[in-house]
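Undergrad: Have a look; sequence and predicted model below, questions after that.
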Amino acid sequence: MTVVGLILGFGCVYFVMLRGEILHLIFNIDAIVLVFGGTLATILIAYPFSTIKEIPTAIRFIFFPKKKEHPIKMIEQMVTMSEKVKRSGIESVQPDLAAIKNQFLAHSIKMLIDGFEPEIVNDYMEKEIMYIQQRHQKVCSVFRLMATVAPIFGLLGALIGVIQVLKNITDPKTMGASMAIAMTTSFYGIFGANFMFLPVAIKLSEYSESEILNMELIIEGILSIQKGDVPLLTEKKLEAFLSKRLREKEIVK
Amino acid sequence: MTVVGLILGFGCVYFVMLRGEILHLIFNIDAIVLVFGGTLATILIAYPFSTIKEIPTAIRFIFFPKKKEHPIKMIEQMVTMSEKVKRSGIESVQPDLAAIKNQFLAHSIKMLIDGFEPEIVNDYMEKEIMYIQQRHQKVCSVFRLMATVAPIFGLLGALIGVIQVLKNITDPKTMGASMAIAMTTSFYGIFGANFMFLPVAIKLSEYSESEILNMELIIEGILSIQKGDVPLLTEKKLEAFLSKRLREKEIVK
Amino acid sequence: MTVVGLILGFGCVYFVMLRGEILHLIFNIDAIVLVFGGTLATILIAYPFSTIKEIPTAIRFIFFPKKKEHPIKMIEQMVTMSEKVKRSGIESVQPDLAAIKNQFLAHSIKMLIDGFEPEIVNDYMEKEIMYIQQRHQKVCSVFRLMATVAPIFGLLGALIGVIQVLKNITDPKTMGASMAIAMTTSFYGIFGANFMFLPVAIKLSEYSESEILNMELIIEGILSIQKGDVPLLTEKKLEAFLSKRLREKEIVK
Amino acid sequence: MTVVGLILGFGCVYFVMLRGEILHLIFNIDAIVLVFGGTLATILIAYPFSTIKEIPTAIRFIFFPKKKEHPIKMIEQMVTMSEKVKRSGIESVQPDLAAIKNQFLAHSIKMLIDGFEPEIVNDYMEKEIMYIQQRHQKVCSVFRLMATVAPIFGLLGALIGVIQVLKNITDPKTMGASMAIAMTTSFYGIFGANFMFLPVAIKLSEYSESEILNMELIIEGILSIQKGDVPLLTEKKLEAFLSKRLREKEIVK
Amino acid sequence: MTVVGLILGFGCVYFVMLRGEILHLIFNIDAIVLVFGGTLATILIAYPFSTIKEIPTAIRFIFFPKKKEHPIKMIEQMVTMSEKVKRSGIESVQPDLAAIKNQFLAHSIKMLIDGFEPEIVNDYMEKEIMYIQQRHQKVCSVFRLMATVAPIFGLLGALIGVIQVLKNITDPKTMGASMAIAMTTSFYGIFGANFMFLPVAIKLSEYSESEILNMELIIEGILSIQKGDVPLLTEKKLEAFLSKRLREKEIVK
């Protein structure tokens, strides 16, 4: 979907500029250096290196999103586990540990088997969620900062262009050309901020939200297994996390 | 009301442009492609497909709002049910289930009849509300993002227009015409954002709020039935959800 | 005070425009239609009719504020009642009910006399407050939305004006006049938003706050009466709601 | 410090305008009437008179801040009191009441001596803090509103100026002069908002914060005295309110 | 990293201005006085001296960040301590106190040894954290205010420049030069705000966050030691504060 959006967006701009016969004006080395160099420089100052080095991963993630386990499958997995624990105790799940792909789920169950008390496990899981949420938010905030400063560097470029223009104000012909370059920088800044950085920040926080929801589902399941709920109850508790639509699909199946 | 607002808004703009004799300038293919194509492209990048496919439903909903059950009728229904449960137990409500239109109410009562414990039912209902609220907010936020980026694509169009103008700066006649087109794109972006996307986002969140309030009314009622409150008390508890004005009408009736 | 403010504000603008000899330019039918028609159309789309029909009441309320009961008088009333209840039971207050002007207070005491349990009464009162607060906030938010969109319709008017200007760019004389009209629309939008809609929204939320505070005072009083506190304690508890300055006046009296 | 800031700020502007030889243009009766008259009018509409009449006090307070008691001195006072109460009961503090300058502290201790229960005293004190905080925030919000509307009245003035200019567009000489006046009004609005109203709002909220902190220190102390803590514990509890730096100074002394 | 960012940012601007041949125009005494003098004046008015005198420390801190103890080392230290306390009582840690570099940890343990009750120690530590957080936020907010007002002083400078220009409007040659100066001031304001003040504010709050996280780690550890948890449990509890990546490194080691 992201790719469709990108093609559509660039297509629209290309179409309009082609009709206006100004395509050749839009490639401008000064504008690129100022807007993207300046934006990069700002985030290098603003964020510690540990945050900045996550940016490439985040960008790759936008184009090739991680295959997430479907919540319904995770519920089934935990209900099966719940039955097993009810029947033959927590230790009986040990052999299944290797088959669990979700590391968060696997680690939580391992803690249960190791005999840690429920509150400790719960506390551990919630801190983990909180930590992951913070890390995600930090990466989003880098993109938001980029969306904030990119148009400002565009504006700076426009100012530099205007100053240049004013220097040769008596010659209207050169003025037009320099002014066009000034405008191009603004264009880069605004386009970059609102078509690239802002939507990426939003999409990342969307992904983060759905990952966090899955982790909360796991916490609820683990708590239910720990309490020794009957499997039907575990299922009902976890089902509340699904939207009505998903639930109906499940029943149909 | 929405339709009256739309007619009034477009009427005002039409009237002013007619008087200014510039109606023919306002239909501009470049402006439409850039503003609406660009806005669409941005939300395609920013939101997952599962959210975007709810947009058409939301738009239809704005023009043809779902008939909601009136809270007073829902209170009457739950008070009647409360009497029945008090008299002959929770199972006696089973035959009435089919007559309950509100799916949320029907499902909650079914869980009570199935013998789930009060906390489980309550937890289930509250998660359901939270989930619906989140889904609504996400759809609203799509429209808010559209209201944010539409004027920016308008501005981009203006910039492209200005660059075009500056290219032929020595010919004031063409300059005027190109400039007019630049302005038209701004017009589209600003008008679309503030007259279409923003009010739609607000109206959707208004609808969402009143739907959530109804669901909270149901939760309160179910809890009261579960506790075995006398029907008068159930009624008084639910009445608190009504505004003074509605309450007085009820008494008059 | 509101009236003084209005006269002062319009006076300042009138004075400056008179000195600039442009008073005749400011009355402009296009600008009025676009700014106020457009703003009205937007709120018709954004808010349900039940909210919009409260706007005239709210405007009347700004000019002729409801006489509120003074908190000190309300405290006296509740302390007297507290004494009576302590002496001869809750039923003894029945005859005084008719004399209580504040409907919220009257209704709460009636519920006490009717024998509802303290938690029910308290819950009822708090939901009532919450409901009233929400209704107030919604009306405020309508005015805030008006303050947001009015300048944008002003800007749209300016854009239309500029497009008109650019059409006849070779004739500087007409250009000046059309441009002046474009500016006038901006003027209307900005002046309307910041001098009328925004201050009204703030004043309404000020009134709302002080009404809510009075209702919280009543809740505290009712709770104290219910618990059977000695009247001196009831008084001390309620006094905490008064500002130091008011308290000192009371002692002086 | 405030005075130094004011002199520095005005000095910078004066210096730059002197070098630009435009000092005589900056005094402009229209601009003053529109910006400061309009801002005053707006707050008269937006806020009730009870709030507006606190503005002069607030302004005086900015230039001549109230001498606050130093927290360390207050801690000493309360520790001494704690010792006395521990030794010979709460009544023994009665004679010291007259010597306590801080009215909030004096009144709280008086309530303790009068025999009110701890929760009542605590509740009373916390409501008092909440009330004072609200009053402070309201005064700050008046200044913030002024900072919001002042530049907008500046913009209105600029619009009026531009309209004036456009009326005589064929005469470039007058145009320059009128335009200069238009710019002056913008200057007043922006300078007033960001150099006067905004910093004052911030400083007032800084003062408010430190006053509230002192009151919370008193509450902690009173609670500790009431519970009959040993004086050393009272001191340790109160010390947590001091910053590390202050604490070290205290030890040095 | 900060230094790399600064060099990159200034480099980009230098490169673009060099190509535009306007480097000599950018050094402008008026612009420096107005933008940086005005910004300084504003914060002198807005913040008390106690906050302002922390600014130089904060700036130094940006370039030469304090070496923080690594969380893993702190966890090891506390686990060792936990073992010792479990074995031979809290007094046995006394000799190690001098070796603990982290003052916050040292002071907390000292309070434990001195026999203060757990709640007192906990309360003391949490107030300390809150206080430090507030102080950090205040310093950040100074930089944020600078980022807000710097571009506004730039705008004021531009206005002054425009007024100057308009005075000599009939002479297009001088007009260009004065206008260029006007633009330069805007440039200073915007560049200062977004490239210097805003990123510094963000970086400071990043540092603050990670310092606070370390302090919360210490609180958790101290609480665990106090409760007499087995060292393995203490370790598991503290480990939750580490990110997955750090944890894996630790295991590898």
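TA: Received the coordinates, thanks. Computed from a prediction, not measured in an experiment: that's the story for all the values here. Numbers count the residues shown, from 1 in each chain, chains lettered A, B, ... in the order given.

Undergrad: Next, the contact list for the residue nearest the centre of chain A, please.
TA: Residue closest to the average C-alpha location in chain A (Cα atoms, centre = their mean): residue A:204, at 1.4 Å. For residue A:204, the contact set (Cβ atoms under 8 Å, 6 or more residues apart in numbering or on different chains) comprises A:58, A:61-62, A:136, A:139-140, A:143. The way it works is simple: take the backbone N, C-alpha and C, and place the C-beta from them, glycine included.

Undergrad: got it, and residue A:202?
TA: B:46-47, B:145.

Undergrad: Quick check: phi and psi on residue A:70?
TA: Backbone torsions of residue A:70, given as degrees, to the nearest 10, read phi -70, psi 130.

Undergrad: Report the separation between it and chain B.
TA: Separation of residue A:70 from chain B (Cβ to the nearest Cβ, to the nearest Å): 12 Å.

Undergrad: close to chain E, is the top helix by length along chain A?
TA: Ranked by number of residues, the top helix in chain A under DSSP state H is helix A:118-167. Yes: counting by Cβ under 8 Å from any Cβ of the partner chain, chain E has neighbours in helix A:118-167: A:120, A:123-124, A:127-128, A:131, A:135, A:145, A:148-149, A:152-153, A:155-157, A:159-164, A:166-167.

Undergrad: picking that back up, would you mind giving the contacts of residue A:204 as CSV with pLDDT and neighbour count added?
TA: Converted to CSV, these look like this (pLDDT from 0 to 100; neighbours: other Cβ atoms under 10 Å in any protein chain shown):
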residue, pLDDT, neighbour count
A:58, 88, 18
A:61, 84, 16
A:62, 83, 17
A:136, 90, 19
A:139, 91, 23
A:140, 93, 20
A:143, 94, 25
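
Undergrad: Within reach of chain D, which of the contacts of residue A:202 are there?
TA: Among the contacts of residue A:202, no residue lies close to chain D (Cβ under 8 Å from any Cβ).

Undergrad: Enumerate the helices of the stretch 1-150 of chain A by residue range, in sequence order.
TA: Ranges of helices in the stretch 1-150 of chain A, per DSSP state H, counting those that start in this stretch, are A:2-19, A:29-32, A:38-46, A:49-52, A:55-63, A:71-88, A:103-113, A:118-167.

Undergrad: Can you tell me which of these is most buried?
TA: Among the helices of the stretch 1-150 of chain A, helix A:38-46 has the highest mean neighbour count (mean count of other Cβ atoms under 10 Å in any protein chain shown), at a mean of 24.

Undergrad: you'd agree residue A:93 is up against residue A:81?
TA: Yes: between residue A:93 and residue A:81 there is a contact at 5.7 Å, judged by Cβ atoms under 8 Å.

Undergrad: so what's in contact with these two at the same time?
TA: residue A:109.

Undergrad: looking at chain A, which helix or strand is least sure?
TA: Ranked by mean pLDDT, DSSP states H and E, the helix or strand of chain A with the weakest confidence is helix A:244-252, at a mean of 60.

Undergrad: Now residue A:47: phi and psi?
TA: phi -110, psi 150.

Undergrad: separation between it and residue E:151?
TA: Residue A:47 sits at a distance of 22 Å from residue E:151 (criterion: Cβ to Cβ, to the nearest Å).

Undergrad: swap in residue A:17?
TA: For residue A:17, the distance to residue E:151 equals 30 Å [Cβ to Cβ].

Undergrad: list the contacts for the closest residue in space to residue A:33 that isn't next to it in sequence?
TA: The shortest distance from residue A:33 to any non-neighbouring residue, by Cβ to Cβ, 6 or more residues apart in numbering or on different chains, is to residue E:12 (5.2 Å). Applying Cβ under 8 Å, 6+ apart to residue E:12 gives the contacts A:33-34, A:37-38, A:41.

Undergrad: No more questions from me, cheers.
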